[in-house]
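J.: just to be clear, the model below is a prediction. Sequence and coordinates:
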Amino acid sequence: MKYKIKLLMICILAMFSLISCIPQFNIGIGNDMSETENIVKKSKENGSIKKDSKSRGNKKVKEKREKHSNLKPHILIKTVGESLYDDYGNTLYKIEYKYIQLKEDKKEYEPLIKAFEEYNKEIDEQFADTRETFEGLAKEEKLNRLEGYDEKILKEETDSYIMRADKDVVSILNYKKYDYGASEKYSRSSVSFDTSTGNRLNFLDVVKDDKTFFELVDKRIYEDYEEINIQNPSEYVYSLRDSDYENLVWTISPVGVTVYFDTRVLGSDTDGAQVVTISFENNENIFEPKYIYKENDYVVPIVVGNMTLHVDIDGDGTSEPVYVDRVYEQNTETLHIFGIGVKIFAGLQNREVSGYFGKSYLIKKKDKYYMYLFIEDELKNLYIYDLEDLNSDNYDWSNLSAENIDFDWDIEGNIEKNEQIDESFTDIDSFSGESMCDILYLIQVVKEWFVGEDGKLQSDEIRGRVSTGPVIRTLTDIKCSVVDENGKVKKNTATIPEGTYIYPVYSDDKRDMYIDVKILDKSGVSSYTIGEGYGRYFELKNKEVLDYNEDCYRITFDVDEEYGSVSIDGKGLSEIFEGIIY
């Protein structure tokens, strides 16, 4: 079903020649109607839209992760969203919350798993409360729209950052944006767990000398925020100590402990928010030794827009500020402001990167520092910059993003619901990432990655597991070979007959291109079309029947190095396959 939605989007855009990019960092979005709203209109005419589901697993991938990750827990982020539309398909409200899950199911992680379950119950309660509030406000909004008032969309969306996940601690920052009809606001919250016990950590469990800690915060905040007039953080937190700093927003990362002061906490609206990190380095005596990060290499998120870390990027013994800001443009006619990219700052250097949805990570490897920037434009891309020479043309680029492990989408009546589970990047020795396959376009290929000695991502895997791919029907006999579960050739020659339904399960993402496929029984395949002249497309009725650990048929393609075209014995893909999604 996911492919139907994508194809429908393409057709809508083609017919009306509308291309709309909605940035994550935008202010005053100018779109009259989203693509989803168009789908809602069509669904009301044609009946409900069937749920789409994507789910898969691979035992071998889990085994490799356990081997390379030094028993670190790996956190999955589950996004749950709900939108309500009026009778014209226009959005009334949108809710989106983040849940956390543990990828491993080992016995030693049972306390942490139970702690996550309790945390997720709290998120469920927050979600239900928000829905109840929005349902009441949406009724008023519908009446206001009928009376000709401007539309207001109710929103509450949360983004979560895993600041640290290792054998000692898991620390999470939640960034919530909300709009109840007046203007967009935000707030932050945090939670940290002891990995071995699952207990929630209080600030004083980690910072044993809070007086010295906040003296350092006072000093740092006026170095990072020179032009503002705000209250000293040490004065503000004085009243919080009796409650063990219950309402203080703080996280712990490999670098140190970070405290977050939202807008209007220390100063006025114009002063904005303040975020300060006190490093473990040279301050070991003020922290509980158990929670001080002891390894040399690490990854830590840098929240775009208001977070600065101080590290020695050039090895001269002096720390320089590293941060990432949003870049905006304003439409001269509508005056709407929208994000067009980000700017990376490292000491006196800076570099602008265009794109929309983006997350940035500071990597330390072999005493050198790198910026990993995951950002989207038309594709999901990863840029890797050496911060010692940020403006160098010698940077690394790849079509890579965190693996999307599961996806569900459904519309019933005027309510759209979606869920997805994504990998988080918390371990430089084990990261599951997916990239677009160059052979069959929308197919995503997943590999296990690690940060190499040169600071770039590397993989031990020759072939990648296909995470999203359509069912394909052969239009001709296809010569192939047979490979075992490890990708080794068992039989050099075989033939897949014309009219066979196949499903890609593995692929090579390099230029000697092939796909390893499973042959499907026709009874397990359903077909659909998006309109006259668009051909047929196919999907599995039940993806749980797939087994990645069996023999496959390997189809090898001829690649024109000059033009990049793919063929078999001189025939193009459209002559060989039916059901490819371009």
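T.: That came through, no problem. Numbering: from 1, shown residues only.
J.: now do the SS call for the closest residue to Leu400 other than its chain neighbours.
T.: Excluding the flanking residues, the one nearest Leu400 by CB to CB, 6 or more residues apart in numbering is Leu382, at 4.3 Å. (C-beta placed from N, C-alpha, C; glycine too.) Secondary structure, DSSP: H, G, I helix; E, B strand; the rest coil: Leu382 is strand.
J.: ok, Leu382 - how many residues close by?
T.: 21 (other CB atoms under 10 Å).
J.: try Pro289
T.: 9.
J.: gap between it and Val170?
T.: Look at Pro289 and Val170: by CB to CB, to the nearest Å, they are 18 Å apart.
J.: now the helices for the stretch 151-300 of the chain?
T.: 203-206, 210-224, 233-236 (DSSP state H, counting those that start in this stretch).
J.: what about the first one, distance to the chain center?
T.: Spelled out, it's helix 203-206. When distances are taken as CA atoms, centre = their mean, to the nearest Å, helix 203-206 is centred 29 Å away from the chain's centroid.
J.: can you give me the helices in this structure?
T.: Per DSSP state H, the chain carries helices over the ranges 2-16, 35-46, 59-68, 110-146, 203-206, 210-224, 233-236, 573-576.
J.: who does the last one touch, helix- and strand-wise?
T.: For helix 573-576, the packing partners by 3 or more CB pairs under 8 Å, 6 or more residues apart in numbering; DSSP states H and E come out as strand 566-568.
J.: for the strand it packs on, name the packing helices and strands.
T.: strand 558-559, helix 573-576.
J.: buried sites along the longest one?
T.: Taking 16 or more other CB atoms under 10 Å as the neighbour-count basis, helix 573-576 is seen to contain the buried residues Leu573, Ile576.
J.: one more: stretch 163-172?
T.: Met163, Arg164, Ala165, Asp166, Asp168, Val169, Val170, Ser171, Ile172.
J.: again, but for stretch 175-184
T.: Tyr175, Lys176, Asp179, Tyr180.
J.: so the third one touches Leu137, yeah?
T.: No: at 10.8 Å, Asp179 does not count as touching Leu137 under the criterion of CB atoms under 8 Å.
J.: joint contacts of these two?
T.: Common contact partners of Asp179 and Leu137 (CB atoms under 8 Å, 6 or more residues apart in numbering): Leu154.
J.: give me the neighbour count for the closest residue to Ile230 other than its chain neighbours.
T.: Ranked by CB to CB, 6+ apart and with sequence neighbours excluded, the top spatial neighbour of Ile230 is Gly267, at 3.6 Å. Using other CB under 10 Å, Gly267 has 17 neighbouring residues.
J.: report how many residues lie close to Ser527.
T.: With other CB under 10 Å as criterion, Ser527 counts 13.
J.: just the strands in the stretch 401-550 of the chain please.
T.: 401-402, 404-412, 415-423, 431-436, 444-451, 457-458, 464-468, 472-474, 478-483, 489-496, 501-507, 514-520, 525-528, 537-540 (DSSP state E, counting those that start in this stretch).
J.: below-threshold pLDDT in the stretch 401-550 of the chain: ranges please.
T.: 441-442, 509-512, 545 (pLDDT under 70).
J.: can we see that at 80?
T.: Along the stretch 401-550 of the chain, segments meeting pLDDT under 80 span 437-443, 468-469, 508-512, 531-534, 543-548.
J.: go on, the stretch 1-150 of the chain?
T.: In the stretch 1-150 of the chain (pLDDT under 80), the answer is 1-71.
J.: list the residues that contact Glu329.
T.: So Glu329 contacts Ile337, Phe338, Ile340 (CB under 8 Å, 6+ apart).
J.: and which of those residues is nearest Asp429?
T.: Among the contacts of Glu329, Ile340 lies closest to Asp429 (CB to CB), at 34.5 Å.
J.: bridged to the closest residue to that closest one other than its chain neighbours, which residues?
T.: Spatial nearest neighbour of Ile340, chain neighbours left out: Glu329 (5.0 Å); criterion: CB to CB, 6+ apart. When assigned by DSSP bridges, Glu329 has beta-bridge partners Phe338.
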